[in-house]
Structures are given as C-alpha cells and as structure tokens.
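Peer 1: Pasting the sequence and the predicted coordinates here, then a few questions.
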Amino acid sequence: MKRGFLTIYAGENAAVLRALSAPARVDMLKLLCAKGAMNVNEIARELDLPQSTVATGIMILEEAGLVETKAAKARKGYQKICTALYDEILVSFEDTAFKHDEDVIEVAMPIGLYTSCETHAPCGLCSTEGVIGLLDVPDYFLDPQRMQAGLLWFGRGHVEYKFPNNAKILNKAVNAIEFSMELSSEVPGTNPDWPSDITIWVNGVAVGTWTSPGDYGDKRGAFTPGWWKLEGSQYGKLKTWRISKKGTFIDGVVASDVTVDDLAISQHSSIRLRIGIAEDARHTGGVNIFGRGFGNYGRDILMRIDLT
C-alpha cells in the first residue's frame, strides 16, 4: 500500500497529537511502516506488549486517522488487519490560529440544509429525536423536517449545499478553501469492510475522492443518541478536503491537481458543495453523513475560506 505525507497544525489536531503522545503507539506506527499490514497478535508479539494494550492503541490510532483496519477471516473467527496510512507526519506551528478574523471565513452548514438531492435506497434521515419520514423512500429527502437531520445516508446519488460566498461580498481573493465533515460508507446494517468512493464537487468541479473503508457499528458513536439501534451506522471518519493554489488535498495527502482557481469562486454568489458517489465510481458503497447529535464529532459540515 502506498502511504502518504500528513501535515497537522498544532492546536487543531488534538486527536492526532494525543495518539502520538504514547511511545507504545509510536512504536506500533513504526512497526507497521517498516513491515506493512499486520494483525493485533503479530504487533503484540513483535513489540512484546499485551494484546489488550495493542488493541486499545490501534483503536486510538484509527480514530485519529493514522491507521486503517480491516476485518479478515482467521482460523477461528475474524482478525483485525492494521495498516499505517502515513510514512511521515509533520507538526506545523504556523500561526494559523493567530490569523485576523478578516483573513478567515468559517461557515457551519447543518447536514439537513441541502438545496438539491438525488438519492437512491438504502436511504434515510434522522434527527436526534427519531427517524424523519420513511426509510428507503427518496422522496422524503424533500421533507421540510430534513432541516433537523443529524444523520443522513444513501446508497447512490448525492446531496448538494449552497454556502454563502462571503469572499465575494468582501471583494477579497480566495487563497484556499476547506470542507470538513464526518463520513462513512453505507450498507444495510454495518460492515467495516465495505469500501465506498465518496467524491465532493465544488461549483460543479470534482475536486477529490476518498475511499471510505466501511460502515462502522462496532460501538456507539460518542454523540449518537441511545435510541438509535446499535446495528445502525454509529460513526464515521472526520475528513477534510483542502483546495489551494497547489492542488487538492484530503487530510494533507494529494488528491488531485484541481486548484482553487479552477473553482471560479469570484464568479458565483454562492459556493456549491456536492457530496456523493460518482456514476463511474469503482466502489459504490454509499454514504453516511454525520452531523450534530450523531457520530464521534457531533458537528455540522464546516467550510473554511483562507483569504489572500
């Protein structure tokens, strides 16, 4: 597996810094980078650590987005195969936190406030109080109650949001734009090994595709309400697309050569974000979008614009 290079910003990536704070977890990453994919028992044997310590460490590394795991058949039941996602991790102390407010625009968009959609079953919407409409009926994606949604999912298709283009209002040029959201694949029930190619489009331009490893239901999401059945999708992975003048990056890894200039942001009064499965996608494993009240992060879709 080809691994990448990750840049994180001190103060903005607490989960990654926490994952790297324990020498044992750093040793696990070093081992996986050196030897490739290994199961938990193999890691424990190589590092002379208790299996429980390795299992907990791998869970923390996976939640931080540093390790990917897949379930594979073993002689007795299943085993967890672990893979490091990055060869190098750079911690940047660039003073992004000290940028003046006029240099950065942030807009949080509730996941139910999409302006157009085309979805196919399996599909549905939930608020923190209960299911919205009927499950697997795409027409309910137009129900006004969708504005209360904290979780939505579909097997194929897309949802599209319109963000205000405050950069145009301020008459300022855009240096980079980011979109951050919690996502996973979608399968009836759950399956950690269910890949899905999730693409985002900005102003009609496909900027980058992330292959979600699966649909997670092994434990309840940190914000997922107790009434939501444990057999349903519980949490996803927090992913960030950044489109700059150098290209598009997903969590710091090059995703495409689409630049912010290709998006013609200054020519539009709104910034359109589409999330979905491309028609020619290799892995059509659906999408879960987690918003407020669901998942491990409980947050809206966040757009961040860096102004020149």
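Peer 2: Happy to help now that I have it. Treat the numbers as computed from the prediction; the structure is a model and nothing was measured.
Peer 1: if I read this right, L152 contacts G112, doesn't it?
Peer 2: Yes - taking contacts as CB atoms under 8 Å, L152 lies within contact range of G112: 7.0 Å. For the C-beta atoms, the positions are set from N, CA and C on the backbone; glycine is no exception.
Peer 1: Give me the common contacts of these two.
Peer 2: Contact with both L152 and G112 is made by residues 125, 146, 291, according to CB atoms under 8 Å, 6 or more residues apart in numbering.
Peer 1: Mind putting the residues you listed into a markdown table with secondary structure, distance to I132 and neighbour count?
Peer 2: Output for these, formatted as a markdown table (DSSP: H, G, I helix; E, B strand; the rest coil; distance: CB to CB, whole Å; neighbours: other CB atoms under 10 Å):
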| residue | secondary structure | distance to I132 | neighbour count |
| --- | --- | --- | --- |
| L125 | strand | 4 | 24 |
| R146 | helix | 6 | 21 |
| G291 | coil | 12 | 28 |
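Peer 1: and which of the residues you listed is nearest to T83?
Peer 2: Comparing the shared contacts of L152 and G112 against T83 with CB to CB places G291 closest, at 28.7 Å.
Peer 1: what's near enough to touch F141?
Peer 2: Here F141 is in contact with 117, 119, 123, 125, 152, 154, 159 (CB under 8 Å, 6+ apart).
Peer 1: Could you do N13 as well?
Peer 2: For N13, the contact set (CB under 8 Å, 6+ apart) is empty.
Peer 1: Tell me the pLDDT of it.
Peer 2: With respect to pLDDT, N13 scores 71.
Peer 1: Can you pull out the low-pLDDT segments for the chain?
Peer 2: Per-residue confidence of the chain (counting by pLDDT under 70) places the weak regions at 1-5, 7, 9-12, 92-101.
Peer 1: Tell me how it divides into domains.
Peer 2: 3-90, 102-305 (the TED database).
Peer 1: now, of these, which is deepest in the fold?
Peer 2: When the domains of the chain are scored by mean count of other CB atoms under 10 Å, the highest mean neighbour count falls to domain 102-305 (a mean of 19).
Peer 1: can you give me how far that domain is from the chain middle?
Peer 2: Remark: domain 102-305 is offset 8 Å from the chain centroid, using CA atoms, centre = their mean, to the nearest Å.
Peer 1: Can you give me the end-to-end span of it?
Peer 2: Chord length of domain 102-305, first to last residue, is 10 Å (CA to CA, to the nearest Å).
Peer 1: begin at 683 from here
Peer 2: Done: numbering now begins at 683, and the last item shifts to domain 784-987.
Peer 1: ranges for the helices of the chain?
Peer 2: 696-701, 705-717, 722-729, 733-745, 848-851 (DSSP state H).
Peer 1: hang on, the earlier thing: tell me which of the contacts of F823 is nearest to R700?
Peer 2: L834 (29.3 Å).
Peer 1: Which strand residues bridge the closest one?
Peer 2: Beta-bridge partners of L834, counted by DSSP bridges, are L807, I971.
Peer 1: Pull the contacting residues for it.
Peer 2: L834 makes contact with 793-794, 805-808, 823, 828, 841, 970-971, 973, according to CB under 8 Å, 6+ apart.
Peer 1: Pretty sure D900 sits against G871.
Peer 2: No - with contact defined as CB under 8 Å, D900 does not count as touching G871 (12.0 Å).
Peer 1: From N695, how far off is G747?
Peer 2: 9 Å (CB to CB, to the nearest Å).
Peer 1: before we move on, what about G718?
Peer 2: Counting by CB to CB, the gap from G718 to N695 is 25 Å.
Peer 1: which stretches of the stretch 883-990 of the chain form strands?
Peer 2: Applying DSSP state E, counting those that start in this stretch to the stretch 883-990 of the chain gives strands spanning 887-894, 919-926, 929-932, 935-938, 952-958, 969-972, 983-989.
Peer 1: Any chance of JSON lines for these, columns distance to L772?
Peer 2: Below are the strands of the stretch 883-990 of the chain laid out as JSON lines (distance: least, CB to CB, whole Å):
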{"stretch": "strand 887-894", "distance to L772": "20"}
{"stretch": "strand 919-926", "distance to L772": "15"}
{"stretch": "strand 929-932", "distance to L772": "13"}
{"stretch": "strand 935-938", "distance to L772": "12"}
{"stretch": "strand 952-958", "distance to L772": "28"}
{"stretch": "strand 969-972", "distance to L772": "28"}
{"stretch": "strand 983-989", "distance to L772": "19"}
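Peer 1: who wins for proximity to A849 among those strands?
Peer 2: strand 983-989 (5.5 Å).
Peer 1: give me every residue that touches the closest residue to G815 other than its chain neighbours.
Peer 2: Distance criterion CB to CB, 6 or more residues apart in numbering; nearest residue to G815, sequence neighbours excluded, is Y822 at 3.1 Å. Shown in contact with Y822 (CB under 8 Å, 6+ apart): 806-807, 814-816, 828.
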